[in-house]
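K.L.:
Structure for the following, please:
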Amino acid sequence: MRKLRRWLLVLTPLPLGLLALLAIPSSRIYVVAVARNEPFHNDRPLSYWAYRLRNDDPLIREHAAFCLGDAGARAKPVVSDLALATADPSDEVRITATLALFKIGPGASESVPALCIALTDPHPQVRMNSALALSSFGREARGAVAALLAAMNQRDNYEIVRPFAHSVRQQSCRALGKIGPDAHAAIPALTDALQDGVPGVRYNAAYALGQIGLDARCALPRLKHCLEDEDFLVREMAVESIALLGTAR
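P.N.:
Below is the predicted model:
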């Protein structure tokens, strides 16, 4: 970074040389990034990695998405570029781009519309990463309620996704819980999910109903049934959610 600034200072008296430098796209990115005091990652400005997302080589695009995810919350300025990459022709690029949005966290909430589409992706890891990203946005993902409901009911999403140890259905329940009261439209589906054959789904459905709040009190009979669930964690979450729904009064 310091070397680059010194280099630019040397070029200052040479306008023709600087113009030639600016004619090269990758060099122009550096000059503009320094002028804007743009964050760098791996000795490259964020706009450099965003530019690489449009490269013809899918391996270069995948690496660029990985680096932006590795930058974490600092990559917020280029979220729109990553959102476009969720529709990339390459499976690996889509997987990496959706994972990068998850790593960026709440600052990537503008990507909700793109992630809603990615929830229908043919590749299960893309769908899982999309649900994970939406989970990390909390209430800012409220525009994804319908898409998460559809993902819950998609039969392919009942299957365990490798390398994860759970399903997209389970993660969709979790995301709806993170959204909270704005996910009230999901109450019937989450109530039904309390009888799912997978403990992780039942656990996250119970969690989500508790987080949605008083509108979910219609689910209390099913939640009370979960107090006798064979899985200890499901029983424990049922206790917490019943308390949140105000039955202690």
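K.L.:
now stretch 44-63, how far from the chain's geometric center?
P.N.:
19 Å (CA atoms, centre = their mean, to the nearest Å).
K.L.:
Now do the SS call for residue 107.
P.N.:
Taking DSSP: H, G, I helix; E, B strand; the rest coil as the rule, one finds residue 107 in the helix state.
K.L.:
what sits against it?
P.N.:
By CB atoms under 8 Å, 6 or more residues apart in numbering, the residues touching residue 107 are 73, 76, 79. C-beta coordinates here come from the backbone N, C-alpha and C atoms, glycine included.
K.L.:
With residue 123 instead?
P.N.:
Taking CB under 8 Å, 6+ apart as the criterion, residue 123 is in contact with 91, 94, 95.
K.L.:
Distance check, it against residue 53.
P.N.:
In this structure, residue 123 and residue 53 are separated by 18 Å, where distance is defined by CB to CB, to the nearest Å.
K.L.:
Do you know the pLDDT at the residue nearest the centre of the chain?
P.N.:
Centroid-nearest residue in the chain: residue 133, 1.5 Å away (criterion: CA atoms, centre = their mean). Looking at residue 133, its pLDDT reads 98.
K.L.:
so where's this structure uncertain?
P.N.:
1-43, 247-249 (pLDDT under 70).
K.L.:
so where do the strands sit in it?
P.N.:
40-41, 44-45 (DSSP state E).
K.L.:
quick one: the residue nearest to residue 174 when sequence neighbours are not counted and residue 97, what's the gap?
P.N.:
Closest residue in space to residue 174, ignoring its immediate chain neighbours: residue 204 at 4.7 Å, by CB to CB, 6 or more residues apart in numbering. For residue 204, the distance to residue 97 under the criterion CB to CB works out to 25 Å.
K.L.:
same thing with residue 241?
P.N.:
Look at residue 241 and residue 97: by CB to CB, they are 34 Å apart.
K.L.:
now residue 124
P.N.:
With distances taken as CB to CB, residue 124 is found 15 Å from residue 97.
K.L.:
got it, and residue 58?
P.N.:
To residue 97, residue 58 is 12 Å away according to CB to CB.
K.L.:
Compare those two (neighbour count), which wins?
P.N.:
Counted by other CB atoms under 10 Å, residue 58 and residue 97 do not tie: residue 97 has more neighbours, with 33 against 14.
K.L.:
got the contact list for the more buried one?
P.N.:
Taking CB under 8 Å, 6+ apart as the criterion, residue 97 is in contact with 53, 65, 82, 85, 86, 88.
K.L.:
Most neighbours among these, which one?
P.N.:
Using other CB under 10 Å as the contact criterion, the top neighbour count among those goes to residue 65, which has 31 neighbours.
K.L.:
got the contact list for it?
P.N.:
Going by CB under 8 Å, 6+ apart, residue 65 touches 53, 82, 85, 93, 96, 97, 99, 100.
K.L.:
Tabulate those in TSV, adding columns for distance to residue 159.
P.N.:
What follows is the contacts of residue 65, written out as TSV (distance: CB to CB, whole Å):
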residue	distance to residue 159
53	30
82	26
85	25
93	23
96	22
97	22
99	19
100	24
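K.L.:
Thank you kindly, that will do.
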